[in-house]
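J.: pasted the sequence and its predicted model underneath.
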Amino acid sequence: MQKTVGTDWTISGTGLHSGKPVRLRVFAAPVDTGLVFRRTDCPAWSRDIKVTPSNWVEASLCTVLRNEHGVRVTTIEHLLAAFHGCGVHNAIVEIDSEEVPILDGSSAPFVRKILAAGVAEQKAPLRVLRVRQPVTVVRDGASATLLPARQLELAFEIDFSEPAIGHQKERLVMTNGAFLRELSDCRTFCLRRDVEQMQAAGLALGGTLDNAVVFEEGRVLTPGGLRRADEPVRHKMLDAMGDLYVAGLPMIARYEGVRAGHALTGRLLQKLFATPEAYEIVTLRGSQGRRLPGAGLSLTDLPLSA
């Protein structure tokens, strides 16, 4: 069945790239609404931005949506990953600025809010997107692929010259609370030299050691170090959870990313929707929903670090 949030909830913070304060409030929404961002700082006729591939805008450092009026919402990937991982299908997200707050750089603060507010089942069947044929995009030595599967599976591989990161790979099946346990607390990361370059370009103005894992010459500069030995590749998988939810529906597929980022995963979705024979939208029946990421969750699934 479709689900929405049980009660309204609010969270405030700072935009990672804008450095601006932002307040976000999430409301329940009727069946078949999907996920909608509502910019309360914009005129009423222009403020709604639906989470759908047609509103996706290519960007390398975050996930961006823009509606037909040119109104944008940015850095949505960690919130979308939390909705995806917690099985929230319908919700209105009011936001008083362009950028979703970065918080601690992971999805865990959003997950805590969602589970504390509760997830309410609605009286309508749930439709999901099932991949039927492989789809791949390749760019500059990076690749992203969607393959048929029985549930949502993620596989990711990264390779950095920074010795504190190096070569990492992980594979996970996103069922039975796996997103909460394995990915939700994994934070965004970067190299210190990249921070300096981004800030010189007017980006990452809200970035601090409290909301990102920063590496420099084999060292982790962020106090407390890593939450997991392979936190960087797991954060990439978290990002993929959010980026895939731009499809507007839960997905049954295997996603494989090699050095992929937001732009490549977004291009992958664009190619998928441009290839009608590669997917189908089906209505779940009976116990099939148990294979989705949001089934059977508990706050105890969250790691102690979250």
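T.: Yep, it's here.
J.: list the contacts of the helix or strand in which residue 94 is found.
T.: Residue 94 is located in strand 91-95, with elements delineated by DSSP states H and E. Outside of strand 91-95, the residues within contact range by CB atoms under 8 Å, 6 or more residues apart in numbering are 4-5, 22-29, 33, 35-40, 73, 79, 83. For the C-beta atoms, the positions are set from N, CA and C on the backbone; glycine is no exception.
J.: quick one: distance of it to the chain centre.
T.: 15 Å (CA atoms, centre = their mean, to the nearest Å).
J.: what pairs with that strand, and is each one parallel or antiparallel?
T.: Applying DSSP bridges, strand 91-95 is found paired with strand 21-28 (antiparallel), strand 35-39 (parallel).
J.: and the buried ones among the contacts of strand 91-95, selectable in ChimeraX?
T.: In ChimeraX, this line selects whichever of the contacts of strand 91-95 come out buried by 16 or more other CB atoms under 10 Å:
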select :4,5,22,24,25,26,27,28,29,33,35,36,37,38,39,73,79,83
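J.: returning to that earlier point: any idea which of the strands paired with strand 91-95 gets closest to residue 240?
T.: Nearest of the strands paired with strand 91-95 to residue 240, taken as CB to CB: strand 35-39 at 17.0 Å.
J.: kindly format the C-alpha coordinates of that closest one as PDB.
T.: As requested, the backbone C-alpha atoms of strand 35-39 are provided in PDB (Å, rounded to 0.1, in the frame of the first residue of the first chain):
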ATOM      1  CA  LEU A  35       6.800  13.800  -3.400                       C
ATOM      2  CA  VAL A  36       6.500  17.600  -3.900                       C
ATOM      3  CA  PHE A  37       8.800  20.400  -2.700                       C
ATOM      4  CA  ARG A  38       7.000  23.600  -2.000                       C
ATOM      5  CA  ARG A  39       9.200  26.800  -2.000                       C
END
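J.: for the strands paired with strand 91-95, give me CSV that also has distance to residue 105 and mean pLDDT.
T.: Conversion of the strands paired with strand 91-95 to CSV gives the following (distance: least, CB to CB, whole Å; pLDDT from 0 to 100):
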stretch, distance to residue 105, mean pLDDT
strand 21-28, 15, 96
strand 35-39, 20, 98
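J.: tabulate those in CSV, adding columns for distance to residue 66.
T.: Formatted as CSV, the strands paired with strand 91-95 follow (distance: least, CB to CB, whole Å):
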stretch, distance to residue 66
strand 21-28, 17
strand 35-39, 11
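J.: got any ranges where the protein has weak pLDDT?
T.: 203-204, 286-287, 304-306 (pLDDT under 70).
J.: do that again at 80, thanks
T.: Counting by pLDDT under 80, the ranges of the chain that qualify are 60, 194-207, 285-291, 294-306.
J.: residue nearest the centroid of it?
T.: residue 242 (1.9 Å; CA atoms, centre = their mean).
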